[in-house]
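Peer 1: Take a look and give me a structure for this.
(chains A and B, ligands or ions: 2)
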There are 2 protein chains.
Amino acid sequence: MQSITENIPGYAYGKATVAPSNVSLAELESLKTSAGFTEQDWQFLRLAGEVLADQTEKIVNQWRSGIIASIPHLARHSRTPEGDPIPEYLAKSNLRFQQWILDTCTRPYDQDWLNYQQEIAIRHTAVKKNQTDDVNSTSQVPLSDIIAFVAVMNETIKPYFAAKGHSAADVERMHLAWCKSMQLQMALWVPAYMDANRNSNHA
Amino acid sequence: MQSITENIPGYAYGKATVAPSNVSLAELESLKTSAGFTEQDWQFLRLAGEVLADQTEKIVNQWRSGIIASIPHLARHSRTPEGDPIPEYLAKSNLRFQQWILDTCTRPYDQDWLNYQQEIAIRHTAVKKNQTDDVNSTSQVPLSDIIAFVAVMNETIKPYFAAKGHSAADVERMHLAWCKSMQLQMALWVPAYMDANRNSNHA
Ligand code: HEM
Ligand code: HEM
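Peer 2: Ligands and ions are numbered 1, 2, ... in the order given. Next up is the predicted model:
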């Protein structure tokens, strides 16, 4: 597999500590059909992985320091309840976020990937947020904000696909494949949030 | 307002029969910020409305007859439990779907729009699916499939933005604004599904 750096604190892809997904591989297949994935999309996700490999730090910084940090209702999720920054929390989760860009583009979407989708989702919910980095912050990132923010991620990642001299048509194809993966991943986060919210009053 | 035809069965936008949204206007503002809406996006949504106005029938036919109809796990939601077609159900909900394209592009995103988002969402859930057209079909369209299918809608609508001779750059801007609206709308459907699922065992 492709890795952004040797040791990523809290990154547990493929490890036995990651619970099996409540979504089955058969359901994943159905969702891939619903999202319209084609063989071409898989090829262009792989190409996107090559193109983004040395840009993940810039991208994640743009998203988290450049955009989220200046939107109070989003920034608070990486801060203490009093609103103070928690630099280690941001630094460590930024590394995992960077690795996720590569995983999105280069991993086979198999059982391990499915399990880790659920893990990433619940790390945004009251079930597991803050635990990986042992911090004191908001208890949950609302799923609605996450789905809305995907629009920003999709918009702002596009120039990075163009940064290595690929044709406009190939940039479009990489972006299309990326956008499909985002919808698929959001679709997979839904049941994790449903479960997290069933026994709580969080939105 | 712009209307695709004079009388749309079951279309209740702005009517007193539509329940007030559980999402407040302040929360809608936050979500618009999360999705990165700019003044330019609103302008290009309006332009998209002009461009799509006489193409809504073709678009909805492509989505529902051209794509969904050939995907069994999606097609069943417009059929009887035995899998038989229900032509009136498809025809009537197609008209409302067409009108929704125009509403997405031309309506102000105000209290009426917010309320009708919730209404459209619950018409996909066990709370209200099938009631508007008084039919016997599946009880709920899973939110995961809906979020995944947005990728297909975003992909396939793009050529329609280009059908009236606008520059490639303007087509991109219309598409970007459309995609932001889709994420915003999906974000708004989440709480409706959370509520629908809280007291049921539907996914
Ligand atoms: C409203 C926008 C978002 C906010 C405020 C946000 C916030 C956060 C926070 C606070 C963490 C650390 C979680 C923890 O305590 O373990 C995190 C981790 C992460 N986020 Fe998000 N997130 C947002 C949207 C997204 C989206 C749309 C994606 C991808 C589709 C994403 C992917 C990730 C990944 C991959 C990690 C690392 C997972 C891990 O902790 O191992 N986030 N995010
Ligand atoms: C998995 C994909 C989808 C399926 C199978 C599906 C199915 C349906 C069905 C069965 C109805 C009739 C609902 C009723 O009984 O009243 C309907 C209506 C509608 N759908 Fe969907 N839908 C899907 C995705 C979407 C998406 C992504 C949107 C927009 C973001 C959307 C917008 C609408 C609208 C505007 C209507 C008319 C609402 C009304 O009934 O007044 N649908 N859909």
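
Peer 1: Contact residues of chain A facing ligand 2?
Peer 2: Contact residues (Cβ under 6 Å from any ligand atom) of chain A with ligand 2: A:Ser34. For every residue, glycine as well, the C-beta is placed using N, CA and C.

Peer 1: Skipping adjacent residues, who's closest to A:Ala196 in space?
Peer 2: A:Thr125 (3.7 Å; Cβ to Cβ, 6 or more residues apart in numbering or on different chains).

Peer 1: should've said A:Arg198
Peer 2: Nearest one to A:Arg198, counting by Cβ to Cβ, 6+ apart, is B:Arg198 at 6.8 Å.

Peer 1: pretty sure that neighbour contacts A:Asp195?
Peer 2: No - using Cβ atoms under 8 Å, B:Arg198 is not in contact with A:Asp195; the gap is 11.6 Å.

Peer 1: thinking again about what came up before, tell me the secondary structure of the residue nearest to A:Ala196, please.
Peer 2: Using DSSP: H, G, I helix; E, B strand; the rest coil, the structure places A:Thr125 in coil.

Peer 1: What of the one 4 residues further on?
Peer 2: Look at A:Lys129: counting by three-state DSSP, its state is coil.

Peer 1: Show the contacting residues for it.
Peer 2: A:Lys129 is in contact with A:His77, A:Arg123, A:Ser137, A:Thr138, A:Ser139, A:Gln140, A:Val141, counting by Cβ atoms under 8 Å, 6 or more residues apart in numbering or on different chains.

Peer 1: which of B:Arg198 and A:Asp195 has more neighbours?
Peer 2: Between B:Arg198 and A:Asp195, counted using other Cβ atoms under 10 Å in any protein chain shown, A:Asp195 has the larger neighbour count: 15 against 10.

Peer 1: what angle sits between the host helix or strand of that one and helix B:168-198?
Peer 2: For A:Asp195, the host element (DSSP states H and E) is helix A:168-198. Angle of helix A:168-198 versus helix B:168-198, following axes from the mean of the first three to the mean of the last three Cα atoms, to 10 degrees, is 20 degrees.

Peer 1: so does helix A:168-198 get close to ligand 1?
Peer 2: Yes - using Cβ under 6 Å from any ligand atom as the criterion, contacts between helix A:168-198 and ligand 1 involve A:Gln185.

Peer 1: any idea how far the residue nearest to A:Ala196 is from A:Lys158?
Peer 2: 29 Å (Cβ to Cβ, to the nearest Å).
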